[in-house]
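Student: Curious how this folds, go ahead:
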Amino acid sequence: PQHADPDLKARLDELHKRKIDLADSVLVLNVGGYIGSSTRSEIEYAEKTGRLISYLEPVPGSSGGVWP
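Tutor: You can find the predicted model right below:
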């Protein structure tokens, strides 16, 4: 439903980044290996802010479930 309203999607994306600001680490729930574009953007933000990132399922090219 959030994709039907671009303003709502933008507000949710910003909310998720503020939650990352409050976190020590981020767990990505990449069920079946899927990572969507919004999640990828949040991963990039978490990397830039120095958060430890781990994944529910292994990511090809990574080590131990942690983003390379």
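Student: Going by C-alpha atoms from here, please, whenever you check contacts or count neighbours.
Tutor: Noted.
Student: what's next to stretch 33-46, contact-wise?
Tutor: Contacts with stretch 33-46, where a contact means CA atoms under 8 Å, 6 or more residues apart in numbering, come from Asp13, His16, Lys17, Ile20, Val26, Leu52, Ile53, Glu57, Pro58, Val59.
Student: quick one: the strands in this structure?
Tutor: According to DSSP state E, the chain carries its strands in the segments 25-28, 52-55.
Student: Nearest to Lys9 among those strands would be which one?
Tutor: strand 25-28 (18.8 Å; CA to CA).
Student: Give me the sheet partners of that closest one and which way each runs.
Tutor: Under the criterion DSSP bridges, strand 25-28 sits next to strand 52-55 (parallel) in its sheet.
Student: May I see the buried residues of the partner strand?
Tutor: Neighbour-count burial for strand 52-55, counted by 16 or more other CA atoms under 10 Å, picks out Ile53, Ser54, Tyr55.
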